[in-house]
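sequence-free structure coming up:
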């Protein structure tokens, strides 16, 4: 069992019979937007890291939505919910689209915590990012400190 925090918005248009997901995986939380098959829109949030319950937050977010909203007709043509147990492959037949974004890589770059990097750039432009555009917060500051470069090495290519 798990706690689900969801916000539901009435349909803004007719659905196309498929689930459409847009997911933002952040460092702390993963936000999951879904347009349900009937056009209803829901938004949910879960922890990005919760290894005692799941190994991948976006997959778990999709699983939770499907577990609550994906229906199938039984032999008597009655609608019933499909079940989506954890750590089992998901039935993707009802997925129309999945769009993913993440701020994890951006934050790693800004905090200088990512992997070592090299800059690959057109020959003759090796110092382009180091030179920049000469803008600075205080134009009369004679001790302007430049931020460190994100890359360790420059490779110029033709």
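Okay, I see it. Keep in mind that this is a model prediction, so the values were computed, not measured.

all contacts plus neighbour counts: C-alpha atoms, from now on.
Will do.

in stretch 89-101, what's buried?
Buried residues in stretch 89-101, counted by 16 or more other C-alpha atoms under 10 Å: 90, 95.

Give me the contact list for that stretch.
Here stretch 89-101 makes contact (C-alpha atoms under 8 Å, 6 or more residues apart in numbering) with 17-25, 63, 84.

Would you list the buried entries among those?
With burial judged by 16+ other C-alpha under 10 Å, the buried subset of these is 18-25, 63, 84.

what residue ranges in the protein are flagged as low confidence?
Low-confidence segments of the chain (pLDDT under 70): 1-5, 12.

Was I right to think residue 44 contacts residue 7?
Yes: using C-alpha atoms under 8 Å, residue 44 is in contact with residue 7, at 6.6 Å.

if we can go back for a sec, keep only those of the contacts of stretch 89-101 that are in strands.
Among the contacts of stretch 89-101, the members found in strands (DSSP state E) are 19-25.

More neighbours: residue 44 and residue 7, which one.
Higher neighbour count among residue 44 and residue 7: residue 44, with 19 against 11, using other C-alpha atoms under 10 Å.

Next up, the contacts around residue 7.
42-44.

So which of those belong to helices?
Among the contacts of residue 7, no residue falls in helices (DSSP state H).

Specify the local secondary structure of residue 129.
When classified by DSSP: H, G, I helix; E, B strand; the rest coil, residue 129 comes out as helix.

Give the burial count for it, as a bare number.
By other C-alpha under 10 Å, the residues close to residue 129 number 11.

Can you verify my assumption that residue 66 contacts residue 72?
No: in this structure, residue 66 is not within contact of residue 72 by C-alpha under 8 Å, at 11.3 Å.
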